[in-house]
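Peer 1: dropping a prediction and its sequence here:
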Amino acid sequence: MTQKQQSTQADLHPQTNDDVLAAVKWAAGEEVPLEIIGQGSKRALGRPMQTAHTLDMSALTGVTLFEPEELVLSAKAGTPLEEIVKLLDQHNQELQFEPMDIGPLLGNKPKLGTLGGLVSTNLSGPRRLKAGSVRDHILGVTAVSGRGEVFKSGGRVVKNVTGYDLSKGLTGAYGTLAVLTDIIVKVLPRAETEQTLVIVGLTDADAAQAMATAMGSNAEVSGAAHLPAELNQGQAHTYLRLEGFTPSVASRIENLSSLLKSMGAQERLDEEASRKCWINVRDCLPFAAQRDAPVWRVSCTPSEGHAIVHAVKNQTDVSAYYDWQGGLVWMQMNDGNPNAPILRNTIQQHGGGHATLIRADVATRQSTDVFQPQPAPLAALSKRYRENFDPKGVLNPGRMN
């Protein structure tokens, strides 16, 4: 059963933007909290909510504008991401931030995400090292604030922004500020081919050094990740992805291989195997099977990722792997306890960063700070931001608190 199939008879099913506006106006007037969903694939992210009504956006779907020559696409928020990916494939284009499909990690079917859910959670893939995050590719949005007011931000062209770029602020807000109805994104040409250089058998610390060396070279690495032996059939693999035109990739991978030849034995993945490898990394599939174990997404200084994992392992049973050159660590707590104080104290001792609890049962998400606690000045700013957009707290209340 998917998360969406668990919804109640109190669902609201808007068919148009005007329906969304009417629903939010009603909720604000009656002070009735709403849970906002698309296909429900990300429903288990964030703090649990107690809402009597669900605003189901799945009927607001469809690509409303696509100009391949201008590298611009606009779609309704409920549009399945898979539909957009297939359309872009036909034109050899892509969403370069490599959107994560989090469904399997959370126990749902794959490929259920929507464009609105993607923007609301800002979950970006391994290419973030080179291409940036979801936030960096949003050109504009149309949305309904918690006040019941329609507003637009941005537009169809890339330009300098004066004042507040509201589309950036809504990205990663988990639907707590406004209901997205239309989204404009920048699309880019897809690489002609890709290959991945694999270094075999490195320790976490040596892998961090190898990835740093690769990223500092002129190889134009678009992905750098490390899976320890325990997560990779008994053999540690460090992955370095190169993308582009075929002759360029062939030349660059030879140079990178030569640069790193002293680090250890090497293998190479062709285009098909490389794509499968990076889907595995992107979607956190190494942790998809053990669904009763909490999973954290840790952002930290790349050079400190392995040190954080080592320190946490000295205190509890944990498995981990590294993306973004080690700047993103996926960490599974194998004892079933989230161990938030251990993890966050360790991160603080190693230069700082933040940890988000991505997978846990309802009771754990109720009792644990799912998101990194903010410093007092930033928390006060966030509070004022929410009060301006949703003064009565009717949109996804408590999901980020």
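Peer 2: Done, it's in. Worth saying up front: this structure is predicted, and the values here are computed from it rather than measured.
Peer 1: His354 sits in which helix or strand?
Peer 2: His354 is located in strand 353-359, with elements delineated by DSSP states H and E.
Peer 1: list the contacts of Met211.
Peer 2: Residues counted as contacts of Met211 (C-beta atoms under 8 Å, 6 or more residues apart in numbering) are 224-226, 238, 240, 302, 322, 325-326. All C-beta spots, glycine's among them, are computed from the backbone N, C-alpha and C.
Peer 1: bridged to His53, which residues?
Peer 2: Applying DSSP bridges to His53 yields these beta-bridge partners: Leu34.
Peer 1: what residues sit buried inside whatever helix or strand Arg344 lives in?
Peer 2: In this assignment (DSSP H and E), Arg344 forms part of helix 340-349. The neighbour-count check on helix 340-349 (16 or more other C-beta atoms under 10 Å) flags 340, 342-344, 346-347 as buried.
Peer 1: what packs against it?
Peer 2: Under the contact definition 3 or more C-beta pairs under 8 Å, 6 or more residues apart in numbering; DSSP states H and E, helix 340-349 sits against strand 295-300, helix 305-313, strand 353-359.
Peer 1: partner strands of the first one and their direction?
Peer 2: For strand 295-300, the paired strands and their directions (DSSP bridges) are strand 328-333 (antiparallel), strand 353-359 (antiparallel).
Peer 1: what are the contacting residues of it?
Peer 2: With C-beta under 8 Å, 6+ apart as the contact definition, strand 295-300 has outside contacts at 105, 284, 287, 305, 308, 326-333, 338, 343, 347, 350-360.
Peer 1: any idea how far Leu105 lies from Val318?
Peer 2: For Leu105, the distance to Val318 equals 16 Å [C-beta to C-beta, to the nearest Å].
Peer 1: show me the contacts for Thr121.
Peer 2: Taking C-beta under 8 Å, 6+ apart, we find Thr121 in contact with 42, 45, 102, 172, 174.
Peer 1: give the buried subset of those residues as a PyMOL selection command.
Peer 2: One line in PyMOL is enough to select the buried members of these, burial here meaning 16+ other C-beta under 10 Å:
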select buried, resi 42+45+102+172+174
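Peer 1: can you name the residues that contact Ile36?
Peer 2: The neighbourhood of Ile36, defined by C-beta under 8 Å, 6+ apart, consists of 54-55, 57, 175, 179, 395-396.
Peer 1: in TSV: those, plus neighbour count and secondary structure.
Peer 2: What follows is the contacts of Ile36, written out as TSV (neighbours: other C-beta atoms under 10 Å; DSSP: H, G, I helix; E, B strand; the rest coil):
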residue	neighbour count	secondary structure
Thr54	22	strand
Leu55	24	strand
Met57	26	coil
Gly175	28	coil
Val179	30	strand
Leu395	28	strand
Asn396	26	coil
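Peer 1: ok, these vs Arg135, which is closest?
Peer 2: Within those, the smallest distance to Arg135 is 15.2 Å, found for Gly175 (C-beta to C-beta).
Peer 1: what's the spacing between the closest one and Gln90?
Peer 2: Gly175 sits 30 Å away from Gln90 when distances are taken as C-beta to C-beta.
Peer 1: residue furthest from the geometric center of the chain?
Peer 2: Relative to the centre of the chain, and counting by C-alpha atoms, centre = their mean, the farthest-placed residue is Ser262 at 34.3 Å.
Peer 1: what score does it have for pLDDT?
Peer 2: Per-residue confidence at Ser262 stands at 96 (pLDDT).
Peer 1: can you check Ile199 too?
Peer 2: According to the model, Ile199 carries a pLDDT of 98.
Peer 1: re earlier: phi, psi of the residue farthest from the centre of the chain?
Peer 2: Listed backbone geometry of Ser262 is phi -80, psi -10, with angles given as degrees, to the nearest 10.
Peer 1: just say helix, strand or coil for the nearest residue to Leu231 once chain neighbours are set aside.
Peer 2: In this structure, Leu231 finds its nearest non-sequential neighbour in Pro286, 4.5 Å apart by C-beta to C-beta, 6 or more residues apart in numbering. Assigned by DSSP: H, G, I helix; E, B strand; the rest coil, the conformation of Pro286 is helix.
Peer 1: identify the residues contacting Pro286.
Peer 2: Under the criterion of C-beta under 8 Å, 6+ apart, the contact list for Pro286 reads 227, 231-232, 280, 319, 321, 330.
Peer 1: which residues touch the residue most central in space within the chain?
Peer 2: Centroid check for the chain by C-alpha atoms, centre = their mean gives Leu123 as the closest residue, at 1.1 Å. Contacts of Leu123 were listed using C-beta under 8 Å, 6+ apart, and they are 99-100, 102, 134.
Peer 1: and those, which two are furthest apart?
Peer 2: The largest distance within these, taken as C-beta to C-beta, falls between Ile102 and Val134 and amounts to 12.8 Å.
Peer 1: wait, Ala224 touches Thr213, no?
Peer 2: No - between Ala224 and Thr213 no contact is recorded; they are 10.1 Å apart, counting by C-beta atoms under 8 Å.
Peer 1: looking at these two now, which is surrounded by more residues?
Peer 2: Neighbours were counted for Ala224 and for Thr213 using other C-beta atoms under 10 Å; Ala224 has more, 27 against 15.
Peer 1: who's that one bridged to?
Peer 2: Leu240.
Peer 1: pLDDT score assigned to it?
Peer 2: Reported pLDDT for Ala224: 98.
Peer 1: distance of it relative to Thr238?
Peer 2: Computed with C-beta to C-beta, the distance linking Ala224 and Thr238 is 8 Å.
Peer 1: re earlier: just the closest of the contacts of Thr121 to Gly78, please.
Peer 2: Comparing the contacts of Thr121 against Gly78 with C-beta to C-beta picks out Lys42 as the nearest, at 13.1 Å.
Peer 1: Three-state assignment for that closest one, please.
Peer 2: When classified by three-state DSSP, Lys42 comes out as coil.
Peer 1: that one is in contact with Gly113, isn't it?
Peer 2: Yes - applying C-beta under 8 Å, one finds Lys42 in contact with Gly113, separated by 6.9 Å.
Peer 1: quick one: common contacting residues for those two?
Peer 2: What both Lys42 and Gly113 touch, as defined by C-beta under 8 Å, 6+ apart, is the set Ile102.
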